[in-house]
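Colleague: Okay, sequence plus prediction incoming.
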Amino acid sequence: MIQVDMPTLALPGGAIPVLGLGTWQAQGTAAERAVSAALQLGYRHIDTATMYRNEEEVGRALSTVGIDRDDVFVTTKLPPERVGRERRTLTESLVALNLDHLDLWLIHWPPGGDAAPRTWEAFRAARDEGLVRSIGVSNYSVAQIDQLVEATGEAPAVNQIPYSPADHDPGLLAAHRDRGVVVEGYSPLKRSDLRAPALVDAAAAHGVTPAQVVLRWHLQHDVVVIPKSTDRQRLAANLDVVGFELTEQEMARIDALA
């Protein structure tokens, strides 16, 4: 089994590896094979969701690869249409994943555009009972996060949002950090123009690919990133971003792509 010295960021319930595997649109045996390959390659952070309909496949991969449960950070998400059925959905997710707890549980979308403080209270209760180590949200605005804080006194540990150089917003990152919320970016490569000179030049300078530059850029901004792939070679390449560091000038050029 390969060991990768991946940096982490602190959450209330334990550290989250800054790079993980996204599994959106990966289903069936392809999903199981991708998660198994990722774990073998050294990934220790797997992101899924009830909506993805692949929790059972993720669970089988987690069970068969032979890695200690405490060494893998597992996230799943509550679909907005399951509001009011939070505990049942969590139980179903844990059964499908063959786990007794999650490392992170997210509200996948604001239900009907509402911050859903009642659902947030149900998340807090599940966390307090030990079924979930950290709780958060996905696709929330800063204003919606503030509504949760106002209603319950607690901010999400994480907000998972689309993020890439094209989406870069220093003010948005600062607003999250002011509230103690870790930003986690999805679709980092799909949303990037990998032909952009700032990415191509940085890749050439470090002997890596533009995609690896994009992922490294996330890490240096302390944005957790979850690229998705089912191809073993790409899985390996996406993980191989800890052996180089972008310069301040390279970071500034990439920042300017937004």
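Modeller: Ah, there it is.
Colleague: what are the ranges of the strands in this structure?
Modeller: With DSSP state E, the ranges of strands along the chain come out as 8-9, 16-17, 21-22, 45-47, 73-78, 102-107, 132-138, 158-162, 182-186, 224-225.
Colleague: Show me the shaky parts of the stretch 1-150 of the chain.
Modeller: For the stretch 1-150 of the chain, applying pLDDT under 70 flags the ranges 1.
Colleague: Which parts of it are helices?
Modeller: Along the stretch 1-150 of the chain, counting by DSSP state H, counting those that start in this stretch, helices occupy 28-41, 55-65, 86-97, 117-128, 142-152.
Colleague: how many neighbours does residue 25 have?
Modeller: If you count neighbours by other C-beta atoms under 10 Å, residue 25 ends up with 11. No exception for glycine: its C-beta is placed from N, CA and C like everyone else's.
Colleague: So it sits against residue 228, correct?
Modeller: Yes - between residue 25 and residue 228 there is a contact at 7.0 Å, judged by C-beta atoms under 8 Å.
Colleague: thinking again about what came up before, output the helices of the stretch 1-150 of the chain in a markdown table, with mean neighbour count appended to each entry.
Modeller: Below are those laid out as a markdown table (neighbours: other C-beta atoms under 10 Å):
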| stretch | mean neighbour count |
| --- | --- |
| helix 28-41 | 19 |
| helix 55-65 | 20 |
| helix 86-97 | 18 |
| helix 117-128 | 18 |
| helix 142-152 | 16 |
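Colleague: contacting residues around the nearest residue to residue 255 once chain neighbours are set aside?
Modeller: For residue 255, ignoring the flanking residues on the chain, the nearest one in space by C-beta to C-beta, 6 or more residues apart in numbering is residue 168 at 5.4 Å. Taking C-beta atoms under 8 Å, 6 or more residues apart in numbering, we find residue 168 in contact with 221, 254-255, 257-258.
Colleague: Which among the strands of the chain is found nearest to residue 210?
Modeller: Taking C-beta to C-beta, strand 224-225 is the member of the strands of the chain nearest to residue 210, at 14.6 Å.
Colleague: So for the closest one, mean pLDDT?
Modeller: Across strand 224-225, the average pLDDT comes to 98.
Colleague: Give me the distance from that strand to the chain's centre.
Modeller: Its chain's C-alpha centre and that of strand 224-225 lie 5 Å apart, by C-alpha atoms, centre = their mean, to the nearest Å.
Colleague: what does stretch 227-246 give?
Modeller: Relative to its chain's centre, stretch 227-246 lies at 15 Å (C-alpha atoms, centre = their mean).
Colleague: re earlier: residue 238 is nearest to which of the helices of the stretch 1-150 of the chain?
Modeller: Set against residue 238 and scored by C-beta to C-beta, those come closest in helix 28-41, at 9.1 Å.
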